[in-house]
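S.K.: need a 3D model of the sequence below.
(one chain, ligands or ions: 1)
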Amino acid sequence: MNLHELAGRQRFAEALAVRAGKLALEMRSTLAPAEAKSAIDFCTEADRAVEQLVRGEIAAAYGEPVLGEEYGQDAGADGSAGLWVVDPIDGTTEYIHGSGRWCVSLAFLRDGAIELGVIYEPVGNRLFSACAGQGASMNGDPIQVSRLEHRAVPVIEVGWSERRSLDAYCDLLHMLVASRMEFRRRGSGALGLADVACGVNDGYVELHINSWDAVAGILLVREAGGWTNDFLAGNGLTEGNLILAATPELHQPLAALLPANSGRLQPY
Ligand code: LIP
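M.R.: Numbering: from 1, shown residues only. Below you'll find the predicted structure:
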């Protein structure tokens with residue numbers, strides 16, 4: 001695909017993410033009770049409506065397969081001819097609780113490579129966008145990872161889900177503090193990664209995250225000059241994986257804190 005066509009897709013994904021985010025925002029005040037997928041994982045009618053909107057627009061514009069959080073992977077979507085990876089609302093618990101910390105995340109992949117990543121945070125009105133080899137932006141302005149130029153204590157966001165043990169999570173927090181780093185958990189893996197790309201976070205680590213939460217943010221971090229592990233190695237797309245994304249100065253110190261068997265840590 002030439003750059004001109006990819007740029008057209010990027011504009012399409014940006015407009016679609018904004019439209020999808022506005023739909024989620026409109027739906028929030030009149031929402032039916034959330035449905036529990038597990039003790040801490042929920043789905044709302046807005047998650048489904050937003051994913052349906054996104055799937056419909058992609059089908060109409062490109063006719064390409066989608067892997068989405070709520071409706072799964074389209075038949076025949078092996079990714080070689082192009083695959084859209086969609087999280088309609090990342091940070092659903094924050095969304096339900098009335099916080100602004102949630103977003104729409106869209107990515108386009110081909111042949112196992114992430115070509116586009118777009119994340120829209122409706123409440124903060126932040127639109128993050130990256131195209132492979134073309135840099136990353138927020139609301140149209142170029143962004144860069146921190147390079148620790150703030151000269152203060154590093155801030156590392158550490159995501160958690162029930163897919164890994166609470167003990168392993170707490171061990172990681174202990175080691176971060178012992179290494180003189182601050183930790184945060186703000187409830188959206190996609191925004192945690194976007195915040196690495198724009199320097200608000202110095203790193204993002206989660207012992208297991210799903211691809212729809214991670215792939216758009218991974219491209220943002222890499223295009224903003226950051227380091228990420230090869231999240232898509234093995235079955236990362238369908239099974240999820242460990243994610244480590246950071247300003248380059250921190251990738252080795254952070255990798256040293258992770259258990260040897262925690263996932264694939266080779267670079268992307
Ligand atoms: C969740 C993320 C959370 C992350 C979890 C989970 P959801 O996604 O937002 O930050 O730690 O792994 O995937 O359920 O809100 O889309």
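S.K.: so residue 206: helix, strand or coil?
M.R.: The three-state label given to residue 206 by DSSP: H, G, I helix; E, B strand; the rest coil is strand.
S.K.: show me the contacts for it.
M.R.: 158-161, 189, 192, 242-243 (CB atoms under 8 Å, 6 or more residues apart in numbering). The way it works is simple: take the backbone N, C-alpha and C, and place the C-beta from them, glycine included.
S.K.: likewise residue 17?
M.R.: 104-106, 118-120, 127.
S.K.: chain center to the helix or strand hosting it: distance?
M.R.: Residue 17 is part of helix 3-27, with elements assigned from DSSP states H and E. Put simply, helix 3-27 sits 15 Å off its chain's centre (CA atoms, centre = their mean, to the nearest Å).
S.K.: can you list the residues of the stretch 1-150 of the chain near the ligand?
M.R.: Counting by CB under 6 Å from any ligand atom, the residues of the stretch 1-150 of the chain close to the ligand are 41, 69, 87, 90-92.
S.K.: show the buried residues in these.
M.R.: 69, 87, 90-92 (16 or more other CB atoms under 10 Å).
S.K.: biggest separation within those residues, which pair?
M.R.: Farthest pair in these (CB to CB) is 69 and 91. Separation: 11.6 Å.
S.K.: who's in contact with the residue of the stretch 51-200 of the chain at minimum distance from the ligand?
M.R.: Residue of the stretch 51-200 of the chain nearest the ligand, by CB to the nearest ligand atom: residue 159 (3.0 Å). Neighbour list for residue 159: 185, 189, 192, 204-206, 209, 243 [criterion: CB under 8 Å, 6+ apart].
S.K.: so which residue is dead centre in this structure?
M.R.: With distances taken as CA atoms, centre = their mean, the residue of the chain nearest its centroid is residue 190 (2.7 Å).
S.K.: so it sits against residue 218, correct?
M.R.: No. Using CB atoms under 8 Å, residue 190 is not in contact with residue 218; the gap is 9.9 Å.
S.K.: residues near the residue nearest to residue 121 when sequence neighbours are not counted, how many?
M.R.: Among residues not flanking residue 121 along the chain, residue 103 sits closest, at 4.4 Å (CB to CB, 6 or more residues apart in numbering). Other residues near residue 103 number 33, with proximity taken as other CB atoms under 10 Å.
S.K.: nearest spatial neighbour of residue 17, skipping sequence neighbours?
M.R.: Nearest one to residue 17, counting by CB to CB, 6+ apart, is residue 120 at 3.8 Å.
S.K.: for that neighbour, which three-state class applies?
M.R.: strand.
S.K.: quick one, strands of the stretch 1-150 of the chain?
M.R.: Using DSSP state E, counting those that start in this stretch, the strands of the stretch 1-150 of the chain run over residues 35-36, 42-43, 66-68, 72-73, 83-90, 103-110, 113-121, 126-131, 136-138, 141-142.
S.K.: using CSV, please lay out those together with mean pLDDT and distance to residue 223.
M.R.: Shown next, in CSV, are those (pLDDT from 0 to 100; distance: least, CB to CB, whole Å):
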stretch, mean pLDDT, distance to residue 223
strand 35-36, 75, 36
strand 42-43, 74, 31
strand 66-68, 96, 21
strand 72-73, 87, 25
strand 83-90, 97, 17
strand 103-110, 98, 12
strand 113-121, 98, 8
strand 126-131, 98, 4
strand 136-138, 98, 4
strand 141-142, 98, 9
